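Chemist: Give me coordinates for this.
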Amino acid sequence: MQTNFDLRLANDYTSSSQKIKVMSENWVGKNTFCPACGSAVRHFENNRPVADFYCDDCKEEYELKSKKDSMGTKIVDGAYRTMIERLKSDNNPNFFFLNYDLKNFVVMNFLVIPKHFFIPEIIEKRKPLSVNARRAGWVGCNISLLNIPQTGKIFYIKDGKVETKKDVLFGWQKTLFLREEKQTDAKGWLLDTMNCIDKIGKAEFTLDEVYAFEKGLKEKHPDNNFVKDKLRQQLQVLRDKNYLEFVSRGRYRLAI
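Modeler: Below is the predicted model of the structure:
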């Protein structure tokens, strides 16, 4: 996998944003495979309202977002209302996120975030545009990377290092069970539990370490008076889906 943009593609453009769009889309089209099945991805026709790329074999669709210099914690997206509506629809695409070095036009990070990690709470509503703006009152949104579990960020390239195709495909399959959960609240609890495990920061952990997040989760879910019971339930689901392994009473391990 090459990590350099083809700078020749920018010669016909004067707008910096257009140059990056052309070069980044070209790079993805030439270097990326579908994380769901391993086949090549193809570029949609221009101005498609939802996605930029698709897989001819498994029909997965992908929207590309690019950012210079650093990964950061947010991805700037379009209209807030449109994004929330997309989360409820069947044609919500997965996200490719490309982070490049502006000085050398080299891809530093490239990852895919599967659509099954997208729930309303990871979408941040921005302030409306001022009355003096051309689109006065328009409300945009950000995608918060902080609220997405680490397993929801599947890297092709991380800090300049290219990951293996096998690892990318495995990373995708590992959390595919989340698509089975259609209820937003139920999926939200699973993602909350996965985030708690991330914060513990160990491959093997105890039930008490998960319980340590009870207060924060109670504030987030004020209508639930049985947070510990809910957490135990989620750990059971994650174990049944082979995301976790049961070690012994009150002890769990992340599955390899």
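
Chemist: And what about residue 110, helix, strand or coil?
Modeler: At residue 110, secondary structure determined by DSSP: H, G, I helix; E, B strand; the rest coil is strand.

Chemist: pretty sure residue 218 is in a helix, no?
Modeler: Yes - Residue 218: assigned to a helix according to three-state DSSP.

Chemist: how much space between it and residue 230?
Modeler: 10 Å (C-beta to C-beta, to the nearest Å). Using the backbone N, CA and C atoms, a C-beta is placed for each residue, glycine as well.

Chemist: Would you map the strands across the stretch 51-200 of the chain?
Modeler: Taking DSSP state E, counting those that start in this stretch, the strands of the stretch 51-200 of the chain run over residues 53-55, 61-68, 74-79, 94-101, 106-113, 123-125, 140-144, 154-158, 161-162.

Chemist: Report the distance from the first one to the chain centre.
Modeler: Using C-alpha atoms, centre = their mean, to the nearest Å, we find the averaged C-alpha position of strand 53-55 to lie 17 Å away from the chain's own average C-alpha position.

Chemist: Do a quick rundown of the helices in this protein.
Modeler: 16-31, 80-87, 165-174, 184-200, 207-211, 214-220, 227-240 (DSSP state H).

Chemist: picking up where we left off before, including mean pLDDT and mean neighbour count, could the strands of the stretch 51-200 of the chain go into a markdown table?
Modeler: Shown next, in a markdown table, are the strands of the stretch 51-200 of the chain (pLDDT from 0 to 100; neighbours: other C-beta atoms under 10 Å):
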| stretch | mean pLDDT | mean neighbour count |
| --- | --- | --- |
| strand 53-55 | 94 | 20 |
| strand 61-68 | 92 | 19 |
| strand 74-79 | 88 | 16 |
| strand 94-101 | 94 | 22 |
| strand 106-113 | 96 | 21 |
| strand 123-125 | 92 | 16 |
| strand 140-144 | 92 | 19 |
| strand 154-158 | 97 | 20 |
| strand 161-162 | 96 | 12 |
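
Chemist: Tabulate those strands in TSV, adding columns for distance to residue 15.
Modeler: Converted to TSV, the strands of the stretch 51-200 of the chain look like this (distance: least, C-beta to C-beta, whole Å):
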stretch	distance to residue 15
strand 53-55	22
strand 61-68	14
strand 74-79	17
strand 94-101	17
strand 106-113	21
strand 123-125	27
strand 140-144	20
strand 154-158	26
strand 161-162	30
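
Chemist: quick one: low-confidence parts of this structure?
Modeler: Where the chain drops to pLDDT under 70, the residues are 46-50.

Chemist: Taking the centroid of it, which residue is nearest it?
Modeler: residue 113 (2.7 Å; C-alpha atoms, centre = their mean).

Chemist: what's that residue in contact with, if anything?
Modeler: Listed by C-beta atoms under 8 Å, 6 or more residues apart in numbering, the contact set of residue 113 reads 94-95, 97, 143, 148, 152-154.

Chemist: swap in residue 104?
Modeler: Here residue 104 is in contact with residue 4 (criterion: C-beta under 8 Å, 6+ apart).
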